[in-house]
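Asks: give me a 3D structure for the following:
(2 chains)
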Amino acid sequence: FHSCLLFLSFPFSLPRIRKLVLVHQRFSLEDRLFISLVPCSILQYHSHSFTFPLFAPFLLLPTTTIFHWQIVIDLQLLPRSFRLALYFAYFICRSIPVSALFPMASLQQSPAIKGAKVLMVGAGGIGCELLKTLALSGFEDIHIIDMDTIEVSNLNRQFLFRQKHVGQSKAKVARDAVLRFRPHISITSHHANVKDSSFNVDFFKQFNVVLNGLDNLDARRHVNRLCLAAEVPLVESGTTGFLGQVSVHVKGRTDCYECNPKPSPKTYPVCTITSTPSKFVHCIVWAKELLFAKLFGDKNQDNDLNVRSNDSTGSSEQTEDVFERKADESVEHYGRRIYDHVFGYNIEQALSNEETWKNRNKPRPIYSSDVISAELMQQNGSSNKAGSADDPLSVSAMASLGLKNPQDLWSLTDNSRVFFEALKLFFGKREKEIGSLGFDKDDQLAVEFVTAAANIRAASFGIPLHSLFEAKGIAGNIVHAVATTNAIVAGLIVIEAIKVLQKDFDSYRMSYCLEHVTQKMLIMPVQPFEPNKSCCVCSETPLTLEINTNHSKLRDFVEKIVKAKLSMTSPLIMHGSSLLYEVGDDLDEAMIANYSANLEKVLSSLPSPVTSGTMLTVEDLLQEFTCNINIKHREEFDEENEPDGMVLLGWTQVPTKPKDDDDKPHTGNGVSTSKTSETEPAVAQADAGVVKINVEAIDASGKKRKGPDSKDISLDPPSNVADEATAANHKKVQQIDEDEEDLVVLDQWDIDTNKKQKLR
Amino acid sequence: KPSFGLYGTRKTFLFSSDSSKPILPCSSTLSEVGAGLQREFGFPVVWFGRCVIQVQFTDSGISRVLGFSSLLLNCLLIVNLVTRVRLEMEGEQLTEQETALYDRQIRVWGADAQRRLSKSHIFVYGMKGTVAEFCKNIVLAGVGSVTLMDDRAVTNEALASNFLIPPEEKVYSGKTLAELCCDSLKEFNPMVHVSVEKAELVTLGQQFFEKFDVVVISSCPPATKILINEKCRKLSKRVAFYTVECRDSCGEIFVDLQNYKYMKKGKADGPASECELRYSSFQEATSAPWGRLQRRTSKLYFAMRVIESFEEANGRNPGVFSVEDVPAVLQLKRKLCEAQSVSESFVPDTLLERLVIGSIEFPPVCAIIGGILGQVHLFALIPLKFYTIN
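Replies: All right, here's what the predicted structure looks like:
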């Protein structure tokens, strides 16, 4: 029934109807056969009326001012009629979202959905839900890209996967699972990185819309650029815990993903980590990036493990040797030596610097003999229980010590035992890997070692200890994830995707999933942002780089700016017409040699010198993204706040404020126990792509605000970018005021338009 | 709650206590296991067919079920018995497998909430698309058990919005919606016990609902909802009652937690104080005089009441509508508005038309409503945290 006739019913005032009639009369007689306007009061919804949509009766009954009119479209006839009808509806009621005219459920048969070709990037938490909802909603041509394989911890929410699939490609298993309940649709899976060169602009151009369910900033930026270059609309999404967000990015109509600042992964000042930790996360960073890296990682890398004190500069040569295991030294002795050095000697060294501790609590040096007796040391662990050497990731100090529950809080003695046991196991069972190990959250022994070391350090500095479970979350930047939020977000993505396919620009919404009902809303729709005129990605505004051109090498520029900040994968750097650097497969050897020689040169001594006032062009051929950078020479950089030794201006990224905003409670995140939310790294937030809504900023008393208010939805951490355009953009954020309605209105045009009028 | 999360097809298992003296020899047959269990704990063990379970013994008794292999159906009987033994012996710890599987969500709501969740038992009636989404969410989250009831056969509408039903006719023919959904749900999380109950909903006695912590009713007439709600309210134990309906792009969730205590965050870091919410019954909630409700009450509320009374007056099954019903529905609306002495524009005609014409579910909205209902269930279980469900 629905497939052959569409009923579009809406009330019109008399002037509107007259206009309607006029437009209808402009259609040729032939076209009028397919589209007829019928006042409902005459038809009384009688089924017989649909048998004669051949005739277009225009009976203006002057009884009331408002009529219900139906546009009846016979879809079995020419596809042309459909286009005409949409044009017709659009012309008449430009302010009315086209989707509002359809009962949503009948859209499953709509050609806009059936004929759409959709690309999903990511088949994880959101991806699984999204693929299912897309298939149910009537999409018939879906491509999925995901490079990941399935892990046990995915199974609690990625419901398309089973235990037996662990280790297999997510994209492929998800495809097979959905095909089981929708066998006739076409799903193409790509088990690959979305950054691969095969997914170029031409690949993206074949899709009508791209849907993102990614877990990291880098890939999101990459997809955003490709979508901009291919002019394909992008629906972006992210979740953490009960918070979620969906946004639409259409070139020229809305902002792009990079128009507004995103919180960047948190970094901590070096001295906080090395000598004055005040939070557990500082201890974790110390244990993971300094101690673990020093003992088991690449020995040649720079490492700030030793406290910088005034008198130790000359003796640095000697202290290096402390971490080297001597040829005939037993692991026990080596362990004790390391322990006493990092938790005892180093702390004493630090204490000698009185100045540091004036306004701080003094740390307590801990020596192994104080916490663990020699006999306890002897009976420490029965290594036969520690797990087999065949599977290095299963070796566990906890198991060999008989500690079972990862959620238990260990005492200082327990932590010390785990420290020694883990060290022993590393040397006993995994000696081959030492020197090349990197921290991995799935490496049980590494997690145990880092937890123990961080806890001992925390004890020394009077910071509360944490369980292995909590420490693992912090060290591994584990993003909280729940099935329900993903399901809700996936539903919202599909709704936005349908609007995009119908070119229903006016009803695009950015939606936030809230954790608590705020203003009687759980899902808050917001009008999309305008494009940011100074966005370097979608408007090609040049950036400015402050850098010491006499000291910084081209390599620093490539690593710290082009790769880390601009997220380019295959960059090409030009100064005027001369090429300075390039990455690619088709380079000949002479060029490669030339480029690698350039990398080691400081900017001012490059073949075409880069000095103050130079404009560099950086281009990524895969992303089809070009960026101009004005170079400005600056002599000095603050080591703590500007550790890169260069500052990129105009880049819309929130500068990480050291320390202060740590102390504020994470308002959006009260779900987790208070302990974990305190220590939760902001990295997790950034990875999940959730721009948090500052719930407290929304007037909780339920008082109605007049007009739009830029405080309603503020980006957290509070944007303090001195970027006027960004600020202006924020003011445009308007919460759709739910003056009359508290249901989440997604497609009721009459209510929506009322609101718009009110806002005007 | 045991962690029988291993799906392999292992044939032999070692039964050993911590003192490394095996209670039962390697590769015991099931009857030996049964006899062993019975000998140790005095529990009779019943099973059908071929089944192997892996159990770890400690001095105090069975420490945990490590795994099993067999047809799922055959196993559950035995595992259930073992479950009880374990709960009494060991109490409140999550097993390693649970911690591994639920890692990401434990980080959201904590291990304590996860334990509460795994002890909650849920009854679900009416397997529509939204309810299927809800079931998927709670099964993934790891509730204790889910009991489904819906004796209807598969229809095109069910196939369109319920992803738990396999589309092959030879698979679904002869099975009820509940059975089909049960088969699919079991696969999502083998730690959750999903079963089907066959009975007439209205004839179920009060004591039937006592087994559950939550009762979810969908796609049945309001009179039935009121009846079940009253039965739940009469029980001494608190049984939460939810209804959910979804039409086109609109949905309605009703929540009755009876008396619900929660902690309210004190102002400006003050101490949290305990508050109590008294929920209205479904009858009270749906028969409130319209004129006296808050001005901000959603129009959808009134529209849904109109639709319900229309269905009741015409003896329709929920959601069975056609375009021809629109004039009658609008007329009924006028009558109801008059009876409630509110103006006719109180309930927008467009909204009613939408609900009548688009009476089938819209999958993205099912996902959203099902997700929200899943969260309601979670929040109701975590009364110590700062949530209110109103």
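Asks: what about stretch B:301-319, average pLDDT?
Replies: Mean pLDDT, computed over stretch B:301-319, is 84.
Asks: and whichever residue of the stretch 251-390 of chain B sits closest to chain A, how many neighbours?
Replies: Residue of the stretch 251-390 of chain B nearest chain A, by CB to the nearest CB: residue B:358 (3.0 Å). Where C-beta positions appear, they are placed from N, C-alpha and C, glycine not excepted. Using other CB atoms under 10 Å in any protein chain shown, residue B:358 has 21 neighbouring residues.
Asks: and what of residue A:572?
Replies: 18.
Asks: kindly report the same for residue A:155.
Replies: Residue A:155 has 24 nearby residues by other CB under 10 Å.
Asks: does it touch residue A:173 like I think?
Replies: No - when contacts are counted by CB atoms under 8 Å, residue A:155 is not listed as touching residue A:173 (11.4 Å).
Asks: shared neighbours, these two?
Replies: Counting by CB atoms under 8 Å, 6 or more residues apart in numbering or on different chains, the residues touching both residue A:155 and residue A:173 are residue A:161.
Asks: how much space between residue A:192 and residue A:170?
Replies: According to CB to CB, to the nearest Å, residue A:192 and residue A:170 sit 11 Å apart.
Asks: so if I had to pick from the two, which one is more boxed in?
Replies: residue A:170 (26 against 14).
Asks: doesn't residue A:145 make contact with that one?
Replies: No - here residue A:170 does not reach residue A:145: they are 10.0 Å apart, not a contact under CB under 8 Å.
Asks: strands of chain B, start to end?
Replies: Counting by DSSP state E, chain B has strands at residues B:51-58, B:61-70, B:121-125, B:145-149, B:193-196, B:214-218, B:240-247, B:250-256, B:259-264, B:273-278.
Asks: in its sheet, what does the third one sit against?
Replies: Partner strands for strand B:121-125, per DSSP bridges, with pairing direction: strand B:145-149 (parallel), strand B:214-218 (parallel).
Asks: make a markdown table out of the ones you listed and add mean neighbour count and mean pLDDT.
Replies: Listed next are the strands paired with strand B:121-125 as a markdown table, based on neighbours: other CB atoms under 10 Å in any protein chain shown; pLDDT from 0 to 100:
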| stretch | mean neighbour count | mean pLDDT |
| --- | --- | --- |
| strand B:145-149 | 23 | 93 |
| strand B:214-218 | 24 | 93 |
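Asks: quick one: which of those is nearest residue A:255?
Replies: When the strands paired with strand B:121-125 are compared by CB to CB, strand B:214-218 sits nearest residue A:255, at 39.6 Å.
Asks: wait, what's in contact with residue A:242?
Replies: Counting by CB under 8 Å, 6+ apart, residue A:242 has contacts A:482, A:484, A:485, A:513, A:514, A:515, A:671, B:108, B:375.
Asks: looks to me like the fifth one is in a strand.
Replies: Yes - under DSSP: H, G, I helix; E, B strand; the rest coil, residue A:514 falls within a strand.
Asks: pick out the residue nearest the middle of chain B.
Replies: residue B:122 (4.3 Å; CA atoms, centre = their mean).
Asks: was I right about that one contacting residue B:143?
Replies: Yes - the criterion here is CB under 8 Å, and residue B:122 meets it with residue B:143 at 5.8 Å.
Asks: between the two, which contacts overlap?
Replies: residue B:377.
Asks: mind pulling the model confidence for the residue nearest to the centre of chain B?
Replies: For residue B:122, pLDDT reads 94.
Asks: same question, residue A:36
Replies: Taking residue A:36 on its own, its pLDDT is 50.
Asks: again with the one 10 residues further on
Replies: Looking at residue A:46, its pLDDT reads 32.
Asks: same question for residue A:256.
Replies: With respect to pLDDT, residue A:256 has a value of 89.
Asks: where's residue A:593 relative to residue A:600, distance?
Replies: Remark: distance between residue A:593 and residue A:600 (CB to CB) = 12 Å.
Asks: could you do residue B:217 as well?
Replies: 72 Å.
Asks: before we move on, back to that, mean pLDDT lowest for which of the strands of chain B?
Replies: strand B:61-70 (a mean of 42).
Asks: show me the shaky parts of the chain.
Replies: Going with chain A. Across chain A, the ranges flagged by pLDDT under 70 are A:1-109, A:263-267, A:299-321, A:374-394, A:651-760.
Asks: please go with chain B instead
Replies: For chain B, the stretches with pLDDT under 70 are B:1-94, B:263-272, B:322-323, B:382-390.
Asks: and it, what are its domain boundaries?
Replies: Structural domains assigned to chain B are B:3-89, B:114-287+B:363-380, B:290-357, following automatic domain parsing.
Asks: which of those sits most buried?
Replies: domain B:114-287+B:363-380 (a mean of 20; mean count of other CB atoms under 10 Å in any protein chain shown).
Asks: what distance separates the start and the end of that one?
Replies: Its first and final residues considered, domain B:114-287+B:363-380 spans 13 Å by CA to CA, to the nearest Å.
Asks: centre of the chain to it, how far?
Replies: 4 Å (CA atoms, centre = their mean, to the nearest Å).
Asks: out of the contacts of residue A:242, which one sits closest to residue B:208?
Replies: Nearest member of the contacts of residue A:242 to residue B:208, counting by CB to CB, is residue B:375, at 26.7 Å.
Asks: with adjacent residues omitted, what lies nearest to the closest one?
Replies: residue A:484 (4.9 Å; CB to CB, 6 or more residues apart in numbering or on different chains).
Asks: tell me, how many residues neighbour the spatially closest residue to residue A:476 that is not a sequence neighbour?
Replies: Nearest residue to residue A:476, sequence neighbours excluded (CB to CB, 6+ apart): residue A:441, at 2.8 Å. The number of residues packed near residue A:441 is 16, by other CB under 10 Å.
Asks: burial count for residue A:206?
Replies: Look at residue A:206: counted by other CB under 10 Å, it has 12 neighbours.
Asks: residue A:637 now?
Replies: So residue A:637, with other CB under 10 Å, has 18 neighbours.
Asks: just checking, it touches residue A:560?
Replies: No - with contacts counted by CB under 8 Å, residue A:637 stays clear of residue A:560, the gap being 11.8 Å.
Asks: shared neighbours of these two, anything?
Replies: Contact criterion CB under 8 Å, 6+ apart; residues shared by residue A:637 and residue A:560: A:644, A:645, A:646.
Asks: give me the buried subset of those residues.
Replies: The neighbour count (16 or more other CB atoms under 10 Å in any protein chain shown) marks A:644, A:645, A:646 as buried among the shared contacts of residue A:637 and residue A:560.
Asks: so which of the residues you listed also contact chain B?
Replies: When these are checked against chain B using CB under 8 Å from any CB of the partner chain, none falls in range.
Asks: next step: these restricted to helices.
Replies: Of those, none are assigned to helices by DSSP state H.
Asks: which one of those residues is nearest residue A:413?
Replies: Using CB to CB, those come closest to residue A:413 at residue A:644, 41.6 Å.
Asks: look up how far residue B:124 lies from the residue lying closest to the closest one once chain neighbours are set aside.
Replies: Take residue A:644 and drop its neighbours on the chain: the residue closest to it by CB to CB, 6+ apart is residue A:560, 4.7 Å away. Counting by CB to CB, the gap from residue A:560 to residue B:124 is 55 Å.
Asks: with residue B:196 instead?
Replies: From residue B:196 to residue B:124 the distance is 10 Å (CB to CB).
Asks: got the residues of the stretch 201-350 of chain B near chain A?
Replies: So far as CB under 8 Å from any CB goes, the stretch 201-350 of chain B lies against chain A at B:248-250, B:296-300, B:322-324, B:326-327, B:348-350.
Asks: biggest separation within those, which pair?
Replies: Farthest-apart pair in those is B:296 and B:324; separation 33.7 Å (CB to CB).
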